[in-house]
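Chemist: Sequence and predicted structure below; questions after.
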Amino acid sequence: MKTLDQLSFDTRFARLGDAFSVEVLPDPIADPRLVVASPAAMALLDLDPAVAEQPLFAELFSGHKLWEGAEPRAMVYSGHQFGGYTPRLGDGRGLLLGEVVNEAGEHWDLHLKGAGQTPFSRMGDGRAVLRSSIREFLGSEALHALGIPSSRALCVIGSSTVVWRETQERAAMLLRLAQSHVRFGHFEYFYYTKQPEQAQQLLDFVLEQYYPECQEESLPYLAMFRSIVERNAELIAHWQAYGFCHGVMNTDNMSILGITFDFGPFAFLDDFDANFVCNHSDDRGRYSYSNQVPIAHWNLSALAQALTPFIEVEALQEALSLFLPLYQAHYLDLMRRRLGLTTAEEDDMALVEQLLHCMQRGGVDYTLFFRHLGEQPVEAALQVVRDEFVDLAAFDQWAEAYGARCAREPNNAEGRRDRMHAVNPLYILRNYLAQQAIEAAEAGDYSVVRELHQVLSRPFEAQPGMQAYAQRPPDWGKHLEISCSS
């Protein structure tokens, strides 16, 4: 394991030049103190978890000190926000400190969120607040523990620095990790500003660094775009299967690696509702749960448009046409596993859709339903979950079809509970749990967020004494309003 002063930097993105990013030093926050850290994320940098308790740790991740090899840069990009194009965005409150190379040879971006104003702050103060930093920390680490591709969060550092949003709050900084922070919006920026040389330079950079296998193809750029389509199809399938709502699927929030990226007003479904909108600012429901699939396709089309100078339109359209069938295949595979099915039958999608229709009409807890369905043998489990449904006739019809489907499974009863519990979490990051952790942290008590993080790090494993984290939310906890304000 390494100490903080042993990290090795290789600032590859900075070497692209000033057309892609601007050198900016972080603006420190006052009285830095550790709120929470992720040992699993620290391990990606080969860091000893014990270093999180050292004063230097908080100083580094609050802007007070820098590594010798770091070269902080604010990246420039653009993007479609809620369907409308914004020609210049960029890192308005975050900085790419540099890229650390771990002992396995992996490059990890160190991105400090809330680091102060940059040339792209657009009248903002460049700060992040404690509540949004805690939410992103918990969200990214919880998604990773569920097996959903995501950026990672190493730590949250709190402070006494005052910032104003709707009211007075305290500033914080989040250290985010990803193998790349290149977004769809990077390519849109160079396309719409008519900078083809820079666009090709970025394209070659992404191809070489993140999709080297595509260099062997006859059409490397097309092969890379096809891989991006495939990764996003798999990502969105995971979101839908586990009831995750991103909330702000703008093209500047879409990663070129196909990972969950830039957490804002996200939420997991409590009661199943296909029309659920987790972002209070999304008054038209553009980014509702049910719209995430078509919006992902729309975003990929926006990226394709930016790549038309380098890839033939017909080839791009053909690659885009792969998205929906790939998504459907990944989604159905995940849902089969969640239902304890190990084989494939032609009518399995209809079985899933019938179940979701029953859930929609009854306000059934999406996470706990699948967990309870795997607790006991099929017939006994169906009797337990039946009480959650309003339309019992519709549920009984589904239960009969599901029971018959399970009976056709080879060795269905053998290992059923372990198999289903391995993919159906007991613990999920519910909004009210995050809110309780935030309120405690704002009062100076960091134990709640730390315990919640530990529980969510093992979502499939029942943990003694943690039953409170596996309950249905109280009524007030189902209707919390989360906006883009941070």
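Modeler: Cool, the structure landed. Numbers count the residues shown, from 1 in each chain.
Chemist: Give me the three-state assignment for Gly63.
Modeler: Secondary structure for Gly63, judged by DSSP: H, G, I helix; E, B strand; the rest coil, is coil.
Chemist: Oops, could you answer that again for Tyr85 instead?
Modeler: Classification of Tyr85 into helix, strand or coil gives strand, according to three-state DSSP.
Chemist: and it, what does it touch?
Modeler: The contact partners of Tyr85, by CB atoms under 8 Å, 6 or more residues apart in numbering, come to 78-79, 188, 192. In this view, the C-beta of every residue, glycine as well, is placed from N, C-alpha and C.
Chemist: how near is it to Pro309?
Modeler: 17 Å (CB to CB, to the nearest Å).
Chemist: Also Thr167?
Modeler: Where Pro309 is concerned, Thr167 sits at a distance of 47 Å (CB to CB).
Chemist: Same question for Gly465.
Modeler: According to CB to CB, Gly465 stands 59 Å off from Pro309.
Chemist: Over to Leu89?
Modeler: Distance from Leu89 to Pro309, counting by CB to CB: 21 Å.
Chemist: Could you do Ser62 as well?
Modeler: Ser62 is 42 Å from Pro309, where distance means CB to CB.
Chemist: Sketch out the low-pLDDT regions of the stretch 1-150 of the chain for me.
Modeler: By pLDDT under 70, the stretch 1-150 of the chain has no low-scoring segment.
Chemist: For it, just list every one of the helices.
Modeler: Shown for the stretch 1-150 of the chain, the helices assigned by DSSP state H, counting those that start in this stretch span residues 39-43, 55-60, 130-146.
Chemist: So for the shortest one, what gets flagged as buried?
Modeler: Spelled out, that is helix 39-43. Of the residues in helix 39-43, those scored as buried under the neighbour-count criterion (16 or more other CB atoms under 10 Å) are 41-42.
Chemist: hang on, the earlier thing: of the contacts of Tyr85, which pair is most distant in space?
Modeler: With distances taken as CB to CB, the most widely separated pair in the contacts of Tyr85 is Gly79 and Tyr192, at 10.3 Å.
Chemist: Which one's more surrounded, those two?
Modeler: For Gly79 versus Tyr192, the count of surrounding residues by other CB atoms under 10 Å is larger for Gly79: 24 against 14.
Chemist: Next, count neighbours for Ala439.
Modeler: Quick fix: residue 439 reads Glu, not Ala. 12.
Chemist: Count the neighbours of Ser227 for me.
Modeler: 18.
Chemist: how far away is it from Arg88?
Modeler: 28 Å.
Chemist: And for Pro212?
Modeler: Using CB to CB, one gets 31 Å for the distance from Pro212 to Arg88.
Chemist: who's more crowded, these two?
Modeler: In terms of neighbours (other CB under 10 Å), Arg88 is the more surrounded of Pro212 and Arg88; the figures are 15 against 11.
Chemist: Surely the more buried one touches Ser78?
Modeler: Yes - counting by CB atoms under 8 Å, Arg88 sits close enough to Ser78 to count as a contact (5.7 Å).
Chemist: Give the residues shared as contacts by those two.
Modeler: Between them, Arg88 and Ser78 have Tyr189 as joint contacts when contacts are counted by CB under 8 Å, 6+ apart.
Chemist: Kindly provide the whole-number mean pLDDT of stretch 295-312.
Modeler: Stretch 295-312 shows a mean pLDDT of 98 in the predicted model.
Chemist: Give the buried residues for that stretch.
Modeler: By neighbour count, with 16+ other CB under 10 Å as the criterion, the buried positions of stretch 295-312 are 295-297, 299-300, 302-304, 306-307, 310-311.
Chemist: In CSV, list these along with secondary structure and distance to Phe395.
Modeler: Supplementary listing: these in CSV, determined by DSSP: H, G, I helix; E, B strand; the rest coil; distance: CB to CB, whole Å:
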residue, secondary structure, distance to Phe395
Ile295, helix, 31
Ala296, helix, 31
His297, helix, 32
Asn299, helix, 36
Leu300, helix, 37
Ala302, helix, 41
Leu303, helix, 42
Ala304, helix, 42
Ala306, helix, 47
Leu307, coil, 47
Phe310, coil, 52
Ile311, coil, 48
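Chemist: contact partners of the helix or strand containing Ala401?
Modeler: Using DSSP states H and E, Ala401 sits in helix 392-407. Contacts to helix 392-407, defined as CB under 8 Å, 6+ apart, come from residues 339-341, 345, 348, 351, 354-355, 357-358, 361-362, 378-379, 382, 386, 389, 412.
Chemist: got it, and stretch 162-175?
Modeler: Contacts of stretch 162-175 from elsewhere in the structure, counted by CB under 8 Å, 6+ apart, are 29, 32, 35, 61-63, 110-115, 125, 127-131, 133-134, 136-137, 153-161, 442, 485-486.
Chemist: Now do the same for that stretch: mean pLDDT, whole number.
Modeler: 93.
Chemist: got the end-to-end distance for stretch 6-22?
Modeler: Across its full length, stretch 6-22 reaches 26 Å end to end, with CA to CA, to the nearest Å as the criterion.
Chemist: Pull out the buried positions in it.
Modeler: Result for stretch 6-22 [16+ other CB under 10 Å]: buried residues 7, 9, 11-14, 16, 20-22.
Chemist: Could you do stretch 349-358 as well?
Modeler: 351-352, 354-355, 358.
Chemist: distance from the centroid: which residue in the protein tops it?
Modeler: With CA atoms, centre = their mean as the measure, the chain has its most outlying C-alpha, relative to the mean C-alpha position, at Ala393: 37.3 Å.
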